[in-house]
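In: can you look at this prediction? I've put the sequence above it.
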Amino acid sequence: MSICGARTWGRNLVVCFVLLAGCSAAFAADTISGVVSNQTTAKPSAGDTVVLLRLAAGREVEEGQTKTDAQGKFIFSFDATTDQRLVRVLHQGVSYDHAVVGAGPLQLTVFDAVPKIAGLKGGIGIVRVESDKTTLKVTEMYAITNSSTPPVTQSGPHNFEFSTPPHSVLDFVQVMGPKASWVSVHPAQVRPGQYNIDFPMRPGDTLFKFAYHLPYAGPTALRLNLAYPIQRFAVLHPPSMSFKPLRSGAFAKPALAADLLVEEAVAHPLAGVVPAFEISGIGAAPPPATAAKASPPPFSAPPVAADTSAAHSSNNPSAAPEVSKNVWWLLIPGIAIALSVALFGVRRSENKPAPVVKMDDSVLRPSFVDALKEELFQLESDRLRGLVSPEEYADTKQALNQSIQRAMSRNGSYNRVFKSQKA
């Protein structure tokens, strides 16, 4: 073979290798694989239905469906696009969603479903009250914790039961599952003013939020019921409104947080019926932008875990587009938790000095930052799905970034406090 022929043959060989490599890369980019594990049994989850969904133009498009094999494995091939994708696993009537990020195999988890879990309770409950001259607006939110062992999902038509006052009109109901985002749900009305929510309560924290309004012409007494015992409960209202407990000693002295007065219930935990209170006056809660720009309080355990997956109920409720711009409800749980921790700390310090606490940097980093980052990711997802306008996207992103920067900039002070905390 001549020298020129050898060179030509060598170039052709290199081109072939490049083409083969390109084909392999393209094939990898068009393939999604993973393993589903049952965390209740600690075994592979065989026979589960797995659905590949593409998020395009604000809707979910099914691109494929398969079953897990005996080892819990699955694989999809699809046409490559820049659209976001979800992998949904259906296990015992409950769906578990995972956002596809990167090219590596997915490690997905599911839990066995049971109709009832004994001992469910909530870490925090918040009621926000505001009014104009004719209408009283009430928004209730509760974080219910499923800490079952072994971990299971509670699934049934009566997972969360709530009631609204006479003559009230229900405005909306939204739920946020563990490692997920807010979704709108349609509760079943048992009788006037009483509702059931059929939303699976997976291991971890599930947030329930509902709002209603009723005619308002002066002082109004509210008597609220709790679906589960709540460790910390508080009523938030504008300072221009008056709050009056109908039973002496039921609520602690109010504190101001983010331009709202926080009235915390004395009982810990609070179960069954909330101590009745009377509300009067006129006032509106700060707009979401104002709340988002407020300095985040120092606390270490928000009720929402950070992740990039999206959870849906068994009947796949529609996503709530307005929630991502309402950063206010991301901040309110933190404010109430911070107040509760502060009050508990003050009462405890009256009896005995607090010991020196040492934590490493991974613990000192506020989980509040993770919650904000999760909301930022969800905002980007909503933008891609067309659920928020460009103006709402820009305003909310700016507010979230400012809150994250403030929280991160205060880490140094947190470290100093936690490393040497004295009474």
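Out: That came through fine. A quick note: this is a predicted structure, and the numbers were derived from the prediction, not measured. Numbering: from 1, shown residues only.
In: residue 195 is in contact with residue 157, correct?
Out: No: in this structure residue 157 lies outside contact range of residue 195 using C-beta atoms under 8 Å: 11.1 Å. (C-beta placed from N, C-alpha, C; glycine too.)
In: look at these two and report which has more neighbours.
Out: Counted by other C-beta atoms under 10 Å, residue 157 and residue 195 do not tie: residue 195 has more neighbours, with 18 against 11.
In: excluding chain neighbours, what is closest to the more buried one?
Out: Nearest residue to residue 195, sequence neighbours excluded (C-beta to C-beta, 6 or more residues apart in numbering): residue 187, at 3.9 Å.
In: shared neighbours of residue 157 and residue 195, which are they?
Out: Counting by C-beta atoms under 8 Å, 6 or more residues apart in numbering, the residues touching both residue 157 and residue 195 are residue 188.
In: can I get stretch 82-91 in CSV, CA atoms only?
Out: Taking C-alpha atoms only, stretch 82-91 is exported to CSV below (Å, rounded to 0.1, in the frame of the first residue of the first chain):
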residue,chain,number,x,y,z
THR,A,82,-35.3,20.1,24.7
ASP,A,83,-38.6,19.6,26.6
GLN,A,84,-38.6,18.6,30.2
ARG,A,85,-39.7,15.1,31.0
LEU,A,86,-41.2,13.3,34.0
VAL,A,87,-41.1,9.6,34.8
ARG,A,88,-44.3,8.6,36.7
VAL,A,89,-44.5,5.3,38.6
LEU,A,90,-47.9,3.9,39.5
HIS,A,91,-47.8,1.6,42.6
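In: give me the contacts around it.
Out: Contacts of stretch 82-91 (C-beta under 8 Å, 6+ apart): 32, 34, 36, 38, 45, 48-56, 60, 63, 68, 76, 78, 95-100, 106, 108, 110-113, 309-310, 312, 381, 384-385.
In: out of those residues, which are buried?
Out: 32, 34, 36, 38, 45, 48, 50-56, 60, 63, 68, 76, 95-100, 106, 108, 110-113, 309-310, 312, 381, 384-385 (16 or more other C-beta atoms under 10 Å).
In: just the ones of these in strands?
Out: Among these, the members found in strands (DSSP state E) are 32, 34, 36, 38, 50-56, 60, 63, 76, 95-99, 106, 108, 110, 113.
In: surely residue 139 meets residue 170?
Out: No: with contact defined as C-beta under 8 Å, residue 139 does not count as touching residue 170 (11.4 Å).
In: between those two, point out the one with more neighbours.
Out: Set residue 139 next to residue 170 and count neighbours by other C-beta under 10 Å: residue 139 wins out with 21 against 15.
In: and that one, how far is that from residue 236?
Out: 9 Å (C-beta to C-beta, to the nearest Å).
In: what do the two both touch?
Out: Shared contacts of residue 139 and residue 236, counting by C-beta under 8 Å, 6+ apart, come down to 127, 128.
In: and residue 394, that's in a helix?
Out: Yes: assignment of residue 394 by DSSP: H, G, I helix; E, B strand; the rest coil places it within a helix.
In: for the closest residue to residue 280 other than its chain neighbours, which residues are in contact?
Out: Nearest non-adjacent residue to residue 280, counting by C-beta to C-beta, 6+ apart: residue 219, 4.0 Å away. By C-beta under 8 Å, 6+ apart, residue 219 lies in contact with 244, 278, 279, 280.
In: list only buried entries from these.
Out: In those, the ones that pass as buried (16+ other C-beta under 10 Å) are residue 279.
In: okay, the contacts of residue 219 in JSON lines with secondary structure, distance to residue 125 and pLDDT next?
Out: Below are those laid out as JSON lines (DSSP: H, G, I helix; E, B strand; the rest coil; distance: C-beta to C-beta, whole Å; pLDDT from 0 to 100):
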{"residue": "244", "secondary structure": "strand", "distance to residue 125": "20", "pLDDT": "97"}
{"residue": "278", "secondary structure": "strand", "distance to residue 125": "19", "pLDDT": "97"}
{"residue": "279", "secondary structure": "strand", "distance to residue 125": "17", "pLDDT": "97"}
{"residue": "280", "secondary structure": "strand", "distance to residue 125": "22", "pLDDT": "96"}
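In: pipe the contacts of residue 219 into JSON lines and attach distance to residue 263 per row.
Out: What follows is these, written out as JSON lines (distance: C-beta to C-beta, whole Å):
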{"residue": "244", "distance to residue 263": "10"}
{"residue": "278", "distance to residue 263": "12"}
{"residue": "279", "distance to residue 263": "10"}
{"residue": "280", "distance to residue 263": "13"}
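In: now tell me which helix or strand of this protein has the poorest mean pLDDT.
Out: helix 361-364 (a mean of 35; mean pLDDT, DSSP states H and E).
In: count of neighbours near residue 250?
Out: Neighbour count of residue 250, defined by other C-beta under 10 Å: 16.
In: residues near the nearest residue to it once chain neighbours are set aside, how many?
Out: Leaving aside its sequence neighbours, residue 250 sits nearest to residue 275 (C-beta to C-beta, 6+ apart; 3.6 Å). Residue 275 is flanked by 19 other residues according to other C-beta under 10 Å.
In: give the contact list for residue 275.
Out: Neighbours of residue 275 in contact, by C-beta under 8 Å, 6+ apart: 245, 246, 247, 250, 251, 265, 267.
In: so it versus residue 233, what's the distance?
Out: 9 Å.
In: identify the contacts common to those two.
Out: Joint contacts of residue 275 and residue 233 (C-beta under 8 Å, 6+ apart) are 265, 267.
In: hang on, residue 118 is in a strand, isn't it?
Out: No: assessed by three-state DSSP, residue 118 does not belong to a strand; its assignment is coil.
In: measure it to residue 43 for me?
Out: 24 Å.
In: these two - which one has more neighbours?
Out: Higher neighbour count among residue 118 and residue 43: residue 43, with 11 against 6, using other C-beta under 10 Å.
In: bridge partners for the closest residue to the more buried one other than its chain neighbours, pull those for me.
Out: Setting aside the residues directly before and after it, residue 43 is nearest to residue 37 in space (C-beta to C-beta, 6+ apart), at 7.4 Å. Residues in a beta bridge with residue 37, per DSSP bridges, are residue 44, residue 109.
In: hang on, residue 37 packs against residue 45?
Out: Yes: using C-beta under 8 Å, residue 37 is in contact with residue 45, at 6.1 Å.
In: next up, the contacts around residue 263.
Out: 234, 235, 236, 237, 243, 245, 251, 252, 254, 277.
In: so which of the residues you listed is the closest to residue 132?
Out: The closest of those to residue 132 turns out to be residue 237 (C-beta to C-beta; 13.5 Å).
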